[in-house]
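1. here are the coordinates; sequence isn't available:
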């Protein structure tokens, strides 16, 4: 089966290393020569930075630790490959390195930007007659990949958010004082993860009072009216979930409303957001003269390995394994996707699709799933998410804290 | 044994309900008549708001759920009793209510402010010849209570912070890009909880690079020097733990440095703080022109029941039980404390001390335990905390999320 190289790209998820474990174990079980890991994705590969994974994953305990380790074990990058017509040299460099390592299969774990790299590399291989196969393994907490029913990484982030909302909502009740809590959740253009706040609505919890997704315009007047209406019903604590990427009707980001310090853009031209909850908290506090708490869930959404969904972890592992099988069977320019066969009992199948169908495409929450004039989500959306958060993967605890697998220099 | 009433006061901890469970179970096992719960502490009692706990804790499963439920099950208050010389009427009201309910034992779960209430009530009882006994059950994530070796609630918050730092530090390594992360931890005047960030330094984690406690003045120049020194050693990610309450050498709070919008004070005259990480992130970003992430751990420090220390939960339960035993044996004006008998193996004993010794006193981190000119903590301090985070209490999961006990109206 020749040698394999695997990389991780884009933002981490709490199960991105389960996919790496799936790639490694499946490749070794199926007779791969060596399995290399590029450090910090393609960017590291270009700089000649890679490791032989067998030196870092020595036994099944290491493999189990890897599945439970947050952040990208191999490091990541946000590196956009040019078109090979614009800059053939970078492709020549990458392929020279791959040939030197006798790579036959190249696996790349990432989101829609990373799938762009898989697409470009496989096209270059095709154009130049290279036999190296390029297969993508999807990951993102944002769940915004097209074609696939859902994406590895989303289920664990959703479980974390559902659990935290239950805790935050309970905490809000403690003084019975009319406090407003505004919780900001990651999601630039797609509200899937913010919608996961609705999971908190259970027999023992009222759930959040409002959920604002970036797919529809946000109105402060509407927000104020709804808060007033809850106060009229004598509600003591109001908890609101907002996506970091919500925009006013005029198209301006809420997070840029105050301060408006020019924020940077990343290598893919995305504006870096943040501060939405703080801006709204300022507005609401001024309007209602009440205690308002902004909470940013921040990087823990993608790093909270301590609150993984077992379903998600297993699917992330499976996606890595299926990508290896596809490459070994000769496929290239493809990525693994999930088809949902059944909701109850929950069942999925994997499939391989052409990576062009996923690269650079963002899947947003469909409008019929956004309800109450943009202030809540449909039961269908919560029902879609709930199977993905089922089951726990207990951390391996050492001396009171979760143990992770460390990439030793 | 007559009737018992129990209340919760001040900020919650993730094990404050384990103490409530300890009070309830011990009181029932020892033959109490009824066990009442005041809603929102003394403030609720004054308004005649209380419940018969037997209607809410119906079996052992309810008791187990209660032990795992975050926030104060009975609700809380921040209500400062006046001196009974200044306002005897409030005391008359409280005692009239207690006599009406035929209360013989009054248990109050709270921090040093709440112990002030226990002290005043027990003195009033003494002065007026009432036989009602008043006993305190300590709780606080801040660990700032005098006399006791440590306080229930601290161990779980410390475990949460140690775990999150391991995850945040790993996340910081992902891009290898010289990023600085500043994590803000609760603690107005005492740095015990911020010091818990040092727990993250383990075989598989470097730990935070700096830890700043409120006990010593904070210098931005010193911070810049240390960041420069780490950059010179080619470190790619810098993670810094700061207490919300750190102050500059001139005594001004760091969080008030920018914006300086007049923040409120609570009923005990404490300034409400927050924004320290954001202020520092602004300063550091300006100085180093680098990506800086501020993270506020926020209410999850006191509400993350999903990451409890079993040791802490067991001790919180025990403290509730011992308070009941003390009251039933005739003690009043006392509170439960822990003596550490041995570090390794870790062992504690409980004792009862006069509540005056704890009320309104804040225990700070001793200066010898603050090292590196105020930028780290001594191994002795980490060793003191580590036994308190041992063991896990698994949540009772229903449909993918932790189940809590809800106080039904």
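-> Received it, and whenever you're ready, just let me know what you need. None of the values given here were measured: they were computed from a predicted structure.
2. make it CA atoms for all contacts and neighbour counts henceforth
-> Noted.
3. quick one: mean pLDDT over stretch A:92-102.
-> Stretch A:92-102 comes out with an average pLDDT of 97.
4. then stretch A:209-223?
-> Stretch A:209-223 comes out at a mean pLDDT of 97.
5. cool, and stretch A:307-321?
-> The pLDDT scores in stretch A:307-321 average 98.
6. can you map out the strands along the stretch 201-350 of chain A?
-> Remark: strands assigned in the stretch 201-350 of chain A by DSSP state E, counting those that start in this stretch are A:210-212, A:237-243, A:292-296, A:334-343, A:346-354.
7. which of those has the lowest mean pLDDT?
-> Minimum mean pLDDT among the strands of the stretch 201-350 of chain A: strand A:292-296, a mean of 93.
8. that one pairs with which strands, and in what direction?
-> strand A:179-185 (parallel) (DSSP bridges).
9. got the angle for the strand it pairs with vs strand A:237-243?
-> 20 degrees (axes from the mean of the first three to the mean of the last three C-alpha atoms, to 10 degrees).
10. re earlier: out of the strands of the stretch 201-350 of chain A, which is closest to residue A:230?
-> Among the strands of the stretch 201-350 of chain A, the nearest to residue A:230 by C-alpha to C-alpha is strand A:237-243 (7.7 Å).
11. distance between the closest one and the chain's centre?
-> 21 Å (C-alpha atoms, centre = their mean, to the nearest Å).
12. state the distance from the closest residue in space to residue A:253 that isn't next to it in sequence to residue A:220.
-> The shortest distance from residue A:253 to any non-neighbouring residue, by C-alpha to C-alpha, 6 or more residues apart in numbering or on different chains, is to residue A:247 (4.2 Å). In this view, residue A:247 and residue A:220 are 11 Å apart by C-alpha to C-alpha, to the nearest Å.
13. so between the two, which is more surrounded?
-> Neighbour totals were compared for residue A:247 and residue A:220, and residue A:247 leads with 24 against 14 (other C-alpha atoms under 10 Å in any protein chain shown).
14. ok, the more buried one touching residue A:214?
-> Yes - if you go by C-alpha atoms under 8 Å, residue A:247 and residue A:214 touch, sitting 6.5 Å apart.
15. can you lay out the strands of the stretch 201-350 of chain A as CSV showing mean neighbour count?
-> Listed next are the strands of the stretch 201-350 of chain A as CSV, based on neighbours: other C-alpha atoms under 10 Å in any protein chain shown:
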stretch, mean neighbour count
strand A:210-212, 25
strand A:237-243, 24
strand A:292-296, 23
strand A:334-343, 19
strand A:346-354, 15
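16. any regions of chain A where pLDDT drops low?
-> Residue ranges of chain A with pLDDT under 70: A:1, A:258-274.
17. looking at it, which residue lies furthest from center?
-> Taking C-alpha atoms, centre = their mean as the measure, the residue most remote from the mean C-alpha position of chain A is residue A:232, 38.4 Å away.
18. how near is that residue to residue A:225?
-> Taken as C-alpha to C-alpha, the span from residue A:232 to residue A:225 is 10 Å.
19. tell me, what residue is most central in chain A?
-> So for chain A, C-alpha atoms, centre = their mean, it's residue A:141, sitting 1.8 Å from the centre.
20. name the next helix or strand downstream of the helix or strand where residue A:385 lies, please.
-> Using DSSP states H and E, residue A:385 maps to helix A:379-385. Remark: after helix A:379-385, the chain's next helix or strand is strand A:397-398, criterion DSSP H and E.
21. many thanks, I have nothing further to ask.
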